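Colleague: Fold the following.
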Amino acid sequence: MQFPVYFHFFGMQIHPHPVMEGLAYATGLALHLAIKARLKTLDTTERLERSLWQIAGAILGALAGAKILAWIENWHQLTAATSLAPPGLEKWLGGKTVVGGLLGGWIGVEIAKHYTGIKQRTGDLWVYPLALSIAIGRVGCFLTGLSDNTYGNFTSLPWAVDFGDGPRHPTQLYEIAVLLLIAAGLYVYQRTTHLGFATGRLFRLFMLAYCAWRVAVEFIKPTAKPWLGLSAIQWACLPACAVCVISLARAKRLPPADILGT
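Modeller: Alright, predicted model coming up:
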């Protein structure tokens, strides 16, 4: 297989990353709306304005978080002048991180909820769409190859993938498998505990599992780890894990509501 793996539509050669990223957004939104329709929680005119503020907070927070964490992660490259010239504007504009997007979006939603007076938990409805969206997006990362910078270290394992410079851990594929396992595990947990979509537990369990995974997988990726042997992404994930654990420990059990499948 030669990377990047381009798509061909009507005689045009299209890079895989924007194709899969667009598909990820569209599929995630469609699944979110399908879940809301099944639970009969589609926004009424009265609640639409508040929902739009939450969406705006999520988008702005995700964009800011994804970019800021990417800058921190690649700060040594962005600030290092080469023999010819310092990094151009494209270096600053390019690059983003899923972890930064998730955490920034979470913060953005909480800010929007604070100023619009929303007290209800709203993250649970996004758990399965997020898992699916990130998994689809990782397909694009895998097909992009080396230029995406999401590959793992060199390895001699039989399932290693040669992206063009030798066999490496296909960490993008690992993440797809982990996301599917997390989603399946949460679904089983939700069905066996009769947990609804209004407690916030599902979202925090998802964030805890995903952030813990990102802390672990960074150890087999060639990312810079200048702070006590940890990368910027790992340092972002560790407090997020702590927040989720504390929040889950303090959460009161709520009556089951809007049980999936009933």
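Colleague: Number of residues surrounding A131?
Modeller: Neighbourhood size, A131 [other C-beta atoms under 10 Å]: 25. Every residue, glycine included, has its C-beta placed from N, CA and C.
Colleague: For it, list the residues it contacts.
Modeller: L179, L180, I182, A183, F206 (C-beta atoms under 8 Å, 6 or more residues apart in numbering).
Colleague: what about 6 Å?
Modeller: By C-beta atoms under 6 Å, 6 or more residues apart in numbering, the residues touching A131 are L179, A183.
Colleague: for the record, mean pLDDT for the helix or strand containing it?
Modeller: Taking DSSP states H and E as the definition, A131 sits inside helix 127-144. The predicted model gives helix 127-144 an average pLDDT of 97.
Colleague: Mind listing residues that contact whichever helix or strand comes after it?
Modeller: Next helix or strand after helix 127-144 toward the C-terminus (DSSP H and E): strand 161-162. Here strand 161-162 makes contact (C-beta under 6 Å, 6+ apart) with P170.
Colleague: swap the cut-off to 10 Å and go again
Modeller: Applying C-beta atoms under 10 Å, 6 or more residues apart in numbering, the external contacts of strand 161-162 come out as 1-3, 142, 145, 151-152, 154-155, 167-173.
Colleague: Drop anything exposed from the residues you listed.
Modeller: F3, F142, G145, Y151, G152, R168, H169, P170, T171, Q172, L173 (16 or more other C-beta atoms under 10 Å).
Colleague: G164 contacts T144, correct?
Modeller: No - using C-beta atoms under 10 Å, G164 makes no contact with T144, being 11.2 Å away.
Colleague: what residues are shared contacts of these two?
Modeller: Common contact partners of G164 and T144 (C-beta under 10 Å, 6+ apart): F3, P4, Y151.
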